[in-house]
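[1] Generate coordinates for the sequence data below:
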Amino acid sequence: MIHRATNLIADYFEQVGIPCKVREIADRNLSEVETGFSGDEVKNVIVHFLSNSDKTDVSVRVFKYGDIRITPSNRGPVLQALNHMNNRFRFAKFEIHTDNTIIVEYDLPQETEEDDVGKVCREILVRFQDILDRAYPEISDAAMS
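    Numbers count the residues shown, from 1 in each chain. So this is what the prediction gives:
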């Protein structure tokens, strides 16, 4: 099932010229709008706007941030860099996933009005582009240490 917020986001992105795909993830009762970007520092970032109900609560996720791979030898420095990013960018949450990649999270306010959900998601996409591009050099350097 494609949830209401997913359709609202996709419609708004289409109106403002942001290419995206809509997908149903039936086994998890999710639907998503997927889009991406490449910045000056980080390339090929895929951003997922996930919805699991007909409300306007939307989770924004980047499941594979950059080409950084976490190893036992760089885990400590990368955790320090991610902690620094979590303090620096208060709405984005950086963490190491169980598959040793970096994921980044952001959640929309639950009370976002239906008429605003697409516009709010566009704003978050713009913020994500800026945050993820600015954070990448420090995290990448930590991974190489």
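[2] buried sites along the lengthiest helix in the chain?
    Ranked by residue count and defined by DSSP state H, the top helix of the chain is helix 117-144. Buried positions in helix 117-144, judged by neighbour count with 16 or more other Cβ atoms under 10 Å: 117-122, 124-125, 128-129, 131-136, 138-140, 142-143. Yep, even glycine has a C-beta here, placed from its N, CA and C like the rest.
[3] again with stretch 86-97
    89, 92, 94.
[4] Please name the nearest non-neighbouring residue to the last one.
    Translated: residue 94. Of all residues not flanking residue 94 in the chain, residue 82 sits nearest, at 4.2 Å (Cβ to Cβ, 6 or more residues apart in numbering).
[5] Please enumerate the strands of the protein.
    21-25, 30-37, 45-51, 59-62, 93-96, 102-107 (DSSP state E).
[6] got these as a markdown table, with mean pLDDT columns?
    Formatted as a markdown table, the strands of the chain follow (pLDDT from 0 to 100):
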| stretch | mean pLDDT |
| --- | --- |
| strand 21-25 | 96 |
| strand 30-37 | 96 |
| strand 45-51 | 96 |
| strand 59-62 | 95 |
| strand 93-96 | 96 |
| strand 102-107 | 93 |
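[7] With distance to residue 6 added, can I get those in TSV?
    What follows is the strands of the chain, written out as TSV (distance: least, Cβ to Cβ, whole Å):
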stretch	distance to residue 6
strand 21-25	6
strand 30-37	4
strand 45-51	5
strand 59-62	12
strand 93-96	22
strand 102-107	15
